[in-house]
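Asks: Predicted model, plus sequence, below.
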Amino acid sequence: MTGATAIERDGYGTPQRWVDRTGGPTLDELHASRWHHRAACRDWPAYLWTDDYTHAQTSPAIPICEECPVRGACLASALVYGDEYGIYGGTTASERARLTRRLRHGETLGAVLAAVLGSPERASSRADRGAA
Ligand code: SF4
């Protein structure tokens, strides 16, 4: 996002304490690691991730997210902190709303991340969390 990710600009909000974070990164890992420093979106205009048309799965931001080395941490953060707008971790707002419903029905964060990212290993790996 041309020098700053959404988290760097806006900071973390309040975590949704009801999320069962089993299998996903801990809050300490999300906060202490500097995963956003490796975000692929740093080199692109922020509007690709934030404007209204990011509701579309055809957004040009999504392929960039899919190749991002910290996609797992980004998506975990968006789900734990309830980021409702824009694209995070290669998901649109409406996709995250569906993922949030799964979390509300008791699925673990690790399971939801694995469903999106393709494997439990990738969802929970230290590298993908961006742990320093
Ligand atoms: S997954 Fe997408 S929004 Fe998240 S840090 Fe990477 S490029 Fe940015």
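Replies: Yep, that arrived.

Asks: Tell me which residue is most central in this protein.
Replies: L75 (1.6 Å; Cα atoms, centre = their mean).

Asks: Name all residues that make contact with that residue.
Replies: 88-91, 113, 116-117 (Cβ atoms under 8 Å, 6 or more residues apart in numbering). (Each C-beta comes from the backbone N, C-alpha and C, glycine too.)

Asks: rerun at 10 Å
Replies: Shown in contact with L75 (Cβ atoms under 10 Å, 6 or more residues apart in numbering): 24, 65, 68, 83, 88-91, 95-96, 99, 109, 112-113, 116-117, 123, 128.

Asks: again with P63
Replies: 40, 90.

Asks: and the chain, which of its residues are near the ligand?
Replies: Within the chain, the residues that sit near the ligand (Cβ under 6 Å from any ligand atom) are 5, 39-41, 49, 64-65, 68, 70-71, 74, 87-90.

Asks: residues near A78, how many?
Replies: Applying other Cβ atoms under 10 Å, we find 23 other residues in the vicinity of A78.

Asks: One more: A111?
Replies: If you count neighbours by other Cβ under 10 Å, A111 ends up with 17.

Asks: helix/strand/coil for it?
Replies: A111 carries the three-state label helix when classified by DSSP: H, G, I helix; E, B strand; the rest coil.
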